[in-house]
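Trainee: Fold the following for me, if possible:
(one chain, ligands or ions: 1)
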Amino acid sequence: MNHVLSCKQYTRESLEELYQLTDKIEANPEEYKHSLEDKIIATMFFEPSTRTRLSFESAILRLGAKLISTENAASNSSTRKGEILEDTIKVVQQYADAIVMRHSDDHAAERAVSVANVPILNAGSGKGEHPTQALLDVYTIRKHKASIDGIKVAILGDLKYGRTVHSLLQLVSLYDNVEFYGLSKKAFELPEEYVKMLEEKNIKYTVCHSFDELPKDVDVLYHTRIQSERFEGDFGREEYIINKEILNKFSEGTMVLHPLPRNEEISTDIDDDPRALYFEQAKNGVPVRMSLILKAFEK
Ligand code: CP
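Mentor: Model prediction:
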């Protein structure tokens, strides 16, 4: 079964295969519009979403598949009546040939896969992972860099609860001679398990305390929103804001990425800078997710 569960399942070769298919889809989308006419795909989002849900649904429709969905599954599905996730999956898989799911439980995707007899596509699981986001993030980097080998990536914002960061680290780590820099408030530093993962792979990770500590020629500034829905209390506002003045400290080749939605961490005054690629990144969600759906049905 071709689930999309975690970035742990990818190799450099499988990523390249996925991206070559994505390139083909982007070059000739018409060729794929009848690919899955015999399939019904369900989307179940137990947490809010704009990009992931709508880009998955767009991808499903652009492949000719049919879509069934629950709007706001946490409150409008029978979860609200006490149904456990495993039971929901056992039922929905009788109505759909694949299930795209977002959930607040870090282990929701594994739980779904443990009972599933159709492909499960993890659209974000708690503070754990968001593999399809990282797949489109790396696709965006690949489009703009001659090579991903040797790149320097700065991760900023909420490195603790930000699931997109956890997934991104795993994918970029598949490439040679990469380096990471972390810039966040103390309360949002990268969890030890990811620091250890980088150590075990002999990948350099430098904790920074100001923009001035980041290399001027950093290839990617990957900012993230403080995930205030994941913790109690108030840790204050983001300290490290990318605005025109800050971005101008970096080179012409520095890309600014963000999984979105943004709060105050990226000022709108850089939106027209050619290095600000977060809206293009969101656009890449459709072809990358079309590839993932096609691969989910590959024998
Ligand atoms: N990047 C992302 O997951 O956005 P949504 O929450 O809008 O899906």
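Trainee: so what's the spatially closest residue to residue 298 that is not a sequence neighbour up against?
Mentor: Residue nearest to residue 298 in three dimensions, not counting chain neighbours: residue 2, with 6.0 Å by CB to CB, 6 or more residues apart in numbering. (Glycine included, C-beta is placed from N, CA and C.) Residues near residue 2 by CB atoms under 8 Å, 6 or more residues apart in numbering: 119, 295, 296, 297, 298.
Trainee: now residue 282
Mentor: Applying CB under 8 Å, 6+ apart, we find residue 282 in contact with 51, 55, 260.
Trainee: Please tell me how far it sits from residue 88.
Mentor: 28 Å (CB to CB, to the nearest Å).
Trainee: do residue 197 as well
Mentor: Taken as CB to CB, the span from residue 197 to residue 88 is 31 Å.
Trainee: Please apply the same query to residue 229.
Mentor: Residue 229 is 22 Å from residue 88, by CB to CB.
Trainee: Who has more neighbours out of these two?
Mentor: residue 88 (21 against 11; other CB atoms under 10 Å).
Trainee: list the helices and strands the host helix or strand of the more buried one packs on?
Mentor: Element membership of residue 88 [criterion: DSSP states H and E] is helix 85-92. Counting contacts by 3 or more CB pairs under 8 Å, 6 or more residues apart in numbering; DSSP states H and E, helix 85-92 packs against strand 40-45, strand 98-103, helix 108-115.
Trainee: And the first one, how far out from the chain middle?
Mentor: In this view, strand 40-45 has its centroid 18 Å away from the chain centroid, taken as CA atoms, centre = their mean, to the nearest Å.
Trainee: repeat for the last one
Mentor: Between the centre of helix 108-115 and the centre of its host chain there is 19 Å, according to CA atoms, centre = their mean.
Trainee: contacts for it?
Mentor: With CB under 8 Å, 6+ apart, helix 108-115 has contacts from 1, 3, 5-6, 46, 85-86, 89-90, 99, 101, 103, 105, 120, 122, 125-126, 129.
Trainee: Is it possible to mark the buried ones in these?
Mentor: Neighbour counting over the contacts of helix 108-115 (16 or more other CB atoms under 10 Å) leaves 3, 5-6, 46, 85, 89, 99, 101, 103, 120, 122, 125-126, 129 as the buried ones.
Trainee: Just give me the closest of those to residue 243.
Mentor: residue 129 (30.0 Å; CB to CB).
Trainee: Name whatever forms a beta bridge with the closest one.
Mentor: Beta-bridge pairing of residue 129 under DSSP bridges involves residue 125.
Trainee: Please apply the same query to residue 180.
Mentor: Beta-bridge partners, per DSSP bridges, of residue 180: residue 153, residue 205.
Trainee: In contact with it, which residues?
Mentor: Here residue 180 is in contact with 152, 153, 154, 155, 169, 172, 198, 203, 204, 205, 206 (CB under 8 Å, 6+ apart).
Trainee: before we move on, what about residue 132?
Mentor: So residue 132 contacts 4, 52, 56, 121, 122, 123, 285, 288, 289, 292 (CB under 8 Å, 6+ apart).
Trainee: so of the residues you listed, which ones are in helices?
Mentor: 52, 56, 285, 288, 289, 292 (DSSP state H).
Trainee: any idea which residue sits dead centre in the chain?
Mentor: By CA atoms, centre = their mean, the mean C-alpha position of the chain lies nearest to residue 133, the distance being 1.7 Å.
Trainee: Tell me how far the residue lying closest to residue 45 once chain neighbours are set aside lies from residue 216.
Mentor: Once flanking residues are discounted, residue 45 sits nearest to residue 102: 4.5 Å by CB to CB, 6+ apart. For residue 102, the distance to residue 216 equals 37 Å [CB to CB].
Trainee: of these two, who's got more company?
Mentor: In terms of neighbours (other CB under 10 Å), residue 102 is the more surrounded of residue 102 and residue 216; the figures are 26 against 9.
Trainee: helices or strands up against the helix or strand containing residue 58?
Mentor: Take DSSP H and E as the rule and residue 58 turns out to sit in helix 51-62. Applying 3+ CB pairs under 8 Å, 6+ apart, we find helix 51-62 packed against strand 40-45, strand 66-70, strand 98-103, strand 120-125, helix 131-144, helix 285-296.
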